[in-house]
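Chemist: 3D model of this:
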Amino acid sequence: MIGVLFVCMGNICRSPTAEGVFVRRARAEGLDRRLRINSCATHAYHIGRPPDARAIAAAAARGIDLSGQRARQIAPADFAAFDYLLAMDRDNLADLRARAPRGHEDKPRLLLDFAPEAPVREVPDPYYGGPDGFSRVLDLIEAASAGLMADIHARLGDGSL
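Modeler: Numbering: from 1, shown residues only. Down below sits the predicted model:
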């Protein structure tokens, strides 16, 4: 079982969107039983709350259901439990590395490391913007998901891409 954890500041916009996108991709590729996919926050602002209504709507427009997710904060055990800890931006990446237990400091990475062709290196926070921001987030996450899935296939050694 390979664990993938998506991380943003509040776990109500970007990281739950990434979780939903990647769950759908894993199911489509028949890997949902070989992957543990989750999301969380670096901060405790929204613990227990569902994703932002705009994130839910933007994802639903693409056939992705985020409505069952609830925000949670990263826990020390997550660093050992997940193989991929993927931050949406450099601030959250720095926060993850600062919180990482000894030996796990290099495990967190930027999600968009898996989308080298993307015009940006960070998934922008759409919270204070309009609906177009949520669509842009989905576009970036979908691009990174393809590269992430290729990396997972290589790790599994199944070459089934």
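Chemist: phi, psi for residue 4 please.
Modeler: Main-chain dihedrals, residue 4, degrees, to the nearest 10: phi -130, psi 120.
Chemist: okay, now it: neighbour count?
Modeler: 23 (other Cβ atoms under 10 Å). (Glycine included, C-beta is placed from N, CA and C.)
Chemist: who touches it in this structure?
Modeler: 22, 35-38, 82-84, 86, 148, 152 (Cβ atoms under 8 Å, 6 or more residues apart in numbering).
Chemist: just the buried members of the residues you listed?
Modeler: 22, 35, 37-38, 82, 84, 86, 148, 152 (16 or more other Cβ atoms under 10 Å).
Chemist: re the thing from before, from the contacts of residue 4, which is closest to residue 69?
Modeler: Nearest to residue 69 among these, counting by Cβ to Cβ, is residue 38 at 9.1 Å.
Chemist: bridged to the residue nearest to that closest one when sequence neighbours are not counted, which residues?
Modeler: Once flanking residues are discounted, residue 38 sits nearest to residue 5: 5.3 Å by Cβ to Cβ, 6 or more residues apart in numbering. Counting by DSSP bridges, residue 5 is bridged to residue 38, residue 85.
Chemist: what pLDDT is listed against residue 5?
Modeler: The model reports residue 5 with a pLDDT of 98.
Chemist: follow-up on the earlier one: using a markdown table, lay out the contacts of residue 4 together with pLDDT and distance to residue 9.
Modeler: Shown next, in a markdown table, are those (pLDDT from 0 to 100; distance: Cβ to Cβ, whole Å):
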| residue | pLDDT | distance to residue 9 |
| --- | --- | --- |
| 22 | 98 | 19 |
| 35 | 97 | 24 |
| 36 | 98 | 22 |
| 37 | 98 | 19 |
| 38 | 98 | 16 |
| 82 | 98 | 18 |
| 83 | 97 | 22 |
| 84 | 98 | 19 |
| 86 | 98 | 14 |
| 148 | 98 | 20 |
| 152 | 96 | 25 |
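Chemist: many thanks, have a good one.
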